[in-house]
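Novice: no letters, just coordinates:
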Ligand SMILES: [Zn+2]
C-alpha cells in the first residue's frame, strides 16, 4: 500500500506515483506535488505569502481567530 503524502510546500495531497521526492543533504525528505511547488521552494518563496497554499489559509484562519478573540474582550 503506497503511502499518501502531503506536498511540503502547498500542503495538497500527492497521488501515489506522482510528484517529486526531494532529499536534502541533511537527510530531511521533502515532497512536492508539482514543479510549481518545487521551483517555488528552490526560489525560497514563503508559502505563507502565497494564497494558493494550505499554509496561507492556516495562517489567515489563525489571524481571524485571534481577531475574534480580541473582539470578544
Ligand atoms: Zn504543492
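Specialist: Done, it's in. What you are looking at is a predicted structure, and each value in this text was computed from that prediction instead of being measured.

Novice: dig out what residue 14 forms beta bridges with.
Specialist: residue 5 (DSSP bridges).

Novice: can you pull the contacts of it?
Specialist: Applying Cβ atoms under 8 Å, 6 or more residues apart in numbering to residue 14 gives the contacts 4-7, 31, 33. Backbone N, C-alpha and C define where each C-beta goes, glycine included.

Novice: how does it look with 6 Å?
Specialist: Applying Cβ atoms under 6 Å, 6 or more residues apart in numbering, we find residue 14 in contact with 5, 7, 31, 33.

Novice: my guess is the first one meets residue 32, correct?
Specialist: No: applying Cβ atoms under 6 Å as the test, residue 5 and residue 32 come out as separate, 10.0 Å apart.

Novice: what's the end-to-end length of stretch 37-51?
Specialist: 13 Å (Cα to Cα, to the nearest Å).
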